[in-house]
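A.B. asks: dropping the sequence and predicted coords here.
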Amino acid sequence: MTDMIAYERHGNIAVLRLQNPPVNALSHAVRSGLMACMDKAESDPEVRAVLLVGAGRAFIAGADIKEFGKPPLEPHLPDLCNRIEASPLLVVASLHGVSLGGGLEVALSAHYRIAQPGARVGLPEVHLGLIPGAGGTQRLPRLTGAEAAIEAITTGRHIPAKEAAALGIIDRVEEGDPQTVGLAYAGSLLVSGAERRPVSEMPAPDAIDWDATYTAVLKKGRGQLSPAQAVRAVQASTEQPFAEGLQTERQMFRDLMETDQRQGMIHAFFSERAVSNLPELKGIDPRRLEKIGVIGGGTMGAGIATAGLLSGMSVTLIEMTQDAADAARGRIAGNLAGALKRGKITAEAHDNLLNDHLDVAIHYDALRDADLVIEAVFEDMAVKKSVFGQLDAVCKPGAVLATNTSYLDINEIATSTSRPGDVIGLHFFSPAHVMKLLEVVVPEQTAADVVATGFALGKTLGKIAVRSGVCDGFIGNRIMRAYRMAADHMVLEGATPFEIDTALTDFGFAMGPFAVSDLAGLDIAWAMRKRLAATRDPRERVGRYPDKLCEAGHFGRKSGKGFYLYEADQRGSTPNPEVLDLIAAERADRDITPRSFTAEEIQRRYMAAMVNEAARIVGEGIARRPLDVDMVLLFGYGFPRYHGGPLKWADLQGLDTVLADIEGFAKEDDFFWQPAPLLQKLVAEGRNFDDLNKPG
Ligand code: 3H9
């Protein structure tokens, strides 16, 4: 049990070193070990102080998240923290790496805290759908005041040591080995006769306007409960004695532990890490990845080039003419200027990236040395094939040849080269230097180390890379087409686009589908509808009113008018009344008597369409696992993180409920609402999507 904690005596100081790799999470064994070691230190008459320190790369990253959802075992973390704080010995914590959640709560229970300059502290529990549950909401405000504590807890951000010292969270910042500086600090405190200094005995912080703060935090969280609850917990620190405040915090923590939001957020936490962990890539090394090439300097190509530069890669961008090349350089310079303005890079780095790491050329020859080339040219099969033919001619053997197409058949693109094993899809989302999602689209003949290189590129660029098979739209856009279609059907039947957008922002989406269309440009979906028209099944219902908007030159935000009006109000909060006229005309044309939809019905239909298509995609093997779909929607489509992703949401609803919805909707339109075979199978077997996420 105590091998999780190394106990050593250094003179009159007992060192308790946590060693639970990789991040010293406070598992049951660690908590028990700490309790036992505190007893041991206190029973040694020579010991006057305890030093808490972490082995490895962090002090403590928090409670062990893997234990959540299981019956909690004693000793509980709050009891451990209280026990540490109540020790008659002087307790010092020496922090390095991260001290997060329960890790910071343990440190706050010590009487003094010293940290390395590079250390970071924080209470990120809200990102797991929780609040700090071991005294963090009661102790932190006693050190920092209520306002700073609320900012820290509701954002969950990692606070650098220097700032933490300025806020009063840390007493001293000192460079060196954490144990060595900790021992010296504890020794000096003993020599100077420093007293124990329990935070719980410090005065309560001053009150603030709690209701206003609560309302503001709730609004900002778009329906996420935990940050708003954290405000109430901090409020308790000002209104209740410490012990009572702890009870209040504990109850809120327990209540949140029971919520779907907590399950959704923890699913997101683990899926984000599991998504690049594919069995097929075990033991496969990626190819070299230092110099990348980008073909095409439009918005997408310039964004990809910017992403590469910001991650320290050398980038060669190819355009067709000198004018186009100059324009591309201008776009990249604009992106980098934005990064400079947001403090992501220094002025020196900005100049350096633009002048020394970027080459914009008009001949493919410049790509001879590239390790990987991504084409981002016009979405046309003939154009893409011609580009790949030229790449095949100039690129060195082993170079990865990637396409950023969003729907074309990459198997066919690969046939235009003599090396289909080197061809892959790398589908970025615009703006490519900002959006986190990267779909790694794998055609039939792609070599395993090329797939590994796609994932390695994602990691270098700081993106969430998700494997997708080849199909029209891949994972994300194919699912989007289905839920967008469900929204359009609701409009034809009686809902307004504005009711739908509101219902979905209430569900937690950053934007509703019609506001998203305006942002993307209505001409994009228009072109897609025209492209698919020739092969469309006659039973498919497609609204014609959006075509009418486009025919009148209204393409959304960029033209000043779409579903919403942007001319006077850039936020687009004013619905365009012409849209309602166009819809009314189409309903009349189709002999539809409009009916009303509740927000709940809108949400259920939209989600059912999303889940059904996602289930098809998993069933067909386009996505390897349900969690892959969840991550695509979370990182590329603004899906609310606290629902975990569409398939986690479906699990939490109960798959039988979702299937029953689909079967019910099918009574009106049995072409669109065909239940996915995988969904039917899981319901019949009493299983859920998460069962398919488990390895093996
Ligand atoms: C809490 O403390 C509640 C209390 O207030 C009250 C309780 C009563 N537990 O991210 P990485 C694993 S809530 C278990 O890839 P990085 C992680 O899964 C907790 N495992 O590395 C991964 O495993 P694998 C509040 C954890 O360097 C491995 O460690 N704390 C935990 O990019 C490496 O992680 C948090 O929310 C954990 N707590 O980032 C902190 N943490 O190798 C959550 C990590 O098998 N953690 N693992 O895939 C993080 O933010 C990042 O993991 C961290 C390291 C910054 C620590």
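C.D. replies: Sure thing, it's come through. Numbers count the residues shown, from 1 in each chain.
A.B. asks: around the ligand, which positions in the stretch 251-400 of the chain sit nearby?
C.D. replies: Listed as neighbours of the ligand in the stretch 251-400 of the chain under the rule CB under 6 Å from any ligand atom: Arg273. From N, CA and C alone the C-beta is placed, and that goes for glycine too.
A.B. asks: quick one, strands of the stretch 401-550 of the chain?
C.D. replies: Applying DSSP state E, counting those that start in this stretch to the stretch 401-550 of the chain gives strands spanning 423-428, 437-441, 464-468.
A.B. asks: out of those, flag the one nearest the ligand.
C.D. replies: strand 464-468 (12.5 Å; CB to the nearest ligand atom).
A.B. asks: that closest one: partners in the sheet, and parallel or antiparallel?
C.D. replies: Applying DSSP bridges to the sheet, strand 464-468 is found paired with strand 437-441 (parallel).
A.B. asks: now the least confident helix or strand in the chain by mean pLDDT - C-alpha only, CSV.
C.D. replies: Ranked by mean pLDDT, DSSP states H and E, the weakest helix or strand in the chain is helix 522-533, scoring a mean of 87. Written as CSV, here are the backbone C-alpha positions of helix 522-533 (Å, rounded to 0.1, in the frame of the first residue of the first chain):
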residue,chain,number,x,y,z
LEU,A,522,-25.0,29.5,-48.3
ASP,A,523,-23.4,29.0,-51.7
ILE,A,524,-21.4,26.0,-50.3
ALA,A,525,-24.5,24.0,-49.5
TRP,A,526,-26.1,25.2,-52.7
ALA,A,527,-23.2,23.8,-54.7
MET,A,528,-23.5,20.5,-52.8
ARG,A,529,-27.2,20.3,-53.5
LYS,A,530,-26.6,20.8,-57.2
ARG,A,531,-23.8,18.2,-57.1
LEU,A,532,-26.0,15.6,-55.5
ALA,A,533,-29.1,16.4,-57.5
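A.B. asks: mind putting the strands of the stretch 401-550 of the chain into TSV with mean pLDDT, mean neighbour count and distance to the ligand?
C.D. replies: Listed next are the strands of the stretch 401-550 of the chain as TSV, based on pLDDT from 0 to 100; neighbours: other CB atoms under 10 Å; distance: least, CB to the nearest ligand atom, whole Å:
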stretch	mean pLDDT	mean neighbour count	distance to the ligand
strand 423-428	98	26	22
strand 437-441	98	26	17
strand 464-468	98	24	13
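A.B. asks: list the buried residues in the least confident helix or strand of the chain.
C.D. replies: Applying a neighbour-count criterion of 16 or more other CB atoms under 10 Å, one finds 522-523, 525-526, 528-529 buried in helix 522-533.
A.B. asks: centre of the chain to it, how far?
C.D. replies: 30 Å (CA atoms, centre = their mean, to the nearest Å).
A.B. asks: likewise for stretch 184-192?
C.D. replies: Stretch 184-192 sits 43 Å away from the centroid of its parent chain (CA atoms, centre = their mean).
A.B. asks: average pLDDT for that stretch?
C.D. replies: The average pLDDT within stretch 184-192 is 98.
A.B. asks: run through who's touching that stretch.
C.D. replies: Outside stretch 184-192, the residues within contact range by CB atoms under 8 Å, 6 or more residues apart in numbering are 11-13, 48-49, 51, 90, 92, 94, 112, 114, 172, 174.
A.B. asks: out of those residues, which touch the ligand?
C.D. replies: Within the contacts of stretch 184-192, nothing lies near the ligand by CB under 6 Å from any ligand atom.
A.B. asks: show the residue spans covered by the helices in the stretch 51-200 of the chain.
C.D. replies: Here the stretch 51-200 of the chain has its helices, by DSSP state H, counting those that start in this stretch, at 77-85, 102-109, 136-144, 146-155, 161-167, 178-191.
A.B. asks: and the end-to-end length of stretch 423-432?
C.D. replies: End-to-end distance of stretch 423-432 (CA to CA, to the nearest Å): 20 Å.
A.B. asks: going forward, begin numbering at 201 instead of 1
C.D. replies: Yes, from this point I'll number from 201; that puts the last item at stretch 623-632.
A.B. asks: ok, Gly421 - contacts?
C.D. replies: Here Gly421 is in contact with 427-428 (criterion: CB under 8 Å, 6+ apart).
A.B. asks: what of Lys420?
C.D. replies: Pro427 are the contacts of Lys420 under CB under 8 Å, 6+ apart.
A.B. asks: same check, this time on the one 4 residues further on
C.D. replies: Counting by CB under 8 Å, 6+ apart, Gln424 touches 326, 329, 461, 708, 840, 842.
A.B. asks: where in this protein is pLDDT low?
C.D. replies: Low-confidence segments of the chain (pLDDT under 70): 201-202, 896.
A.B. asks: what does it have sitting close to the ligand?
C.D. replies: The chain comes close to the ligand at residues 222-223, 225, 261-266, 277, 298, 300-302, 305, 324-325, 328, 332-334, 336, 473, as judged by CB under 6 Å from any ligand atom.
A.B. asks: tell me the angle the helix or strand containing Ile817 makes with strand 664-668.
C.D. replies: Using DSSP states H and E, Ile817 sits in helix 799-819. Calculated by axes from the mean of the first three to the mean of the last three CA atoms, to 10 degrees, helix 799-819 forms an angle of 60 degrees with strand 664-668.
A.B. asks: out of the contacts of Gln424, list just those in strands.
C.D. replies: Among the contacts of Gln424, no member falls in strands (criterion: DSSP state E).
A.B. asks: can you put those in JSON lines and add neighbour count and distance to Ala384?
C.D. replies: As requested, these are arranged in JSON lines below (neighbours: other CB atoms under 10 Å; distance: CB to CB, whole Å):
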{"residue": "Val326", "neighbour count": "25", "distance to Ala384": "36"}
{"residue": "Gly329", "neighbour count": "27", "distance to Ala384": "40"}
{"residue": "Gln461", "neighbour count": "24", "distance to Ala384": "44"}
{"residue": "Gly708", "neighbour count": "19", "distance to Ala384": "49"}
{"residue": "Pro840", "neighbour count": "23", "distance to Ala384": "48"}
{"residue": "Tyr842", "neighbour count": "25", "distance to Ala384": "44"}
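A.B. asks: how is the chain carved up into domains?
C.D. replies: According to automatic domain parsing, the chain comprises the domains 205-458, 484-668, 676-893.
A.B. asks: helices of the stretch 501-650 of the chain, start to end?
C.D. replies: 522-541, 547-552, 581-594, 610-614, 648-660.
A.B. asks: will you turn the ones you listed into JSON lines that also has distance to Lys867 and mean neighbour count?
C.D. replies: Shown next, in JSON lines, are the helices of the stretch 501-650 of the chain (distance: least, CB to CB, whole Å; neighbours: other CB atoms under 10 Å):
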{"stretch": "helix 522-541", "distance to Lys867": "50", "mean neighbour count": "16"}
{"stretch": "helix 547-552", "distance to Lys867": "59", "mean neighbour count": "13"}
{"stretch": "helix 581-594", "distance to Lys867": "40", "mean neighbour count": "17"}
{"stretch": "helix 610-614", "distance to Lys867": "38", "mean neighbour count": "20"}
{"stretch": "helix 648-660", "distance to Lys867": "43", "mean neighbour count": "22"}
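A.B. asks: among the ones you listed, which is nearest Val381?
C.D. replies: helix 547-552 (31.6 Å; CB to CB).
A.B. asks: please save the CA atoms from the closest one in PDB.
C.D. replies: What follows is helix 547-552, C-alpha atoms only, in PDB (Å, rounded to 0.1, in the frame of the first residue of the first chain):
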ATOM      1  CA  ALA A 547       7.200  39.800 -32.800                       C
ATOM      2  CA  GLU A 548      10.600  38.200 -33.400                       C
ATOM      3  CA  ALA A 549       9.000  34.800 -34.000                       C
ATOM      4  CA  HIS A 550       6.500  36.300 -36.300                       C
ATOM      5  CA  ASP A 551       9.200  37.900 -38.500                       C
ATOM      6  CA  ASN A 552      11.300  34.700 -38.400                       C
END
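A.B. asks: next, the angle from the helix or strand that contains Glu242 to helix 277-285.
C.D. replies: Secondary structure assigned from DSSP H and E places Glu242 in helix 228-243. For helix 228-243 against helix 277-285, the angle by the same axes, to 10 degrees is 20 degrees.
A.B. asks: distance between stretch 877-892 and the chain's centre?
C.D. replies: Taking CA atoms, centre = their mean, the mean C-alpha location of stretch 877-892 is offset from the chain mean by 26 Å.
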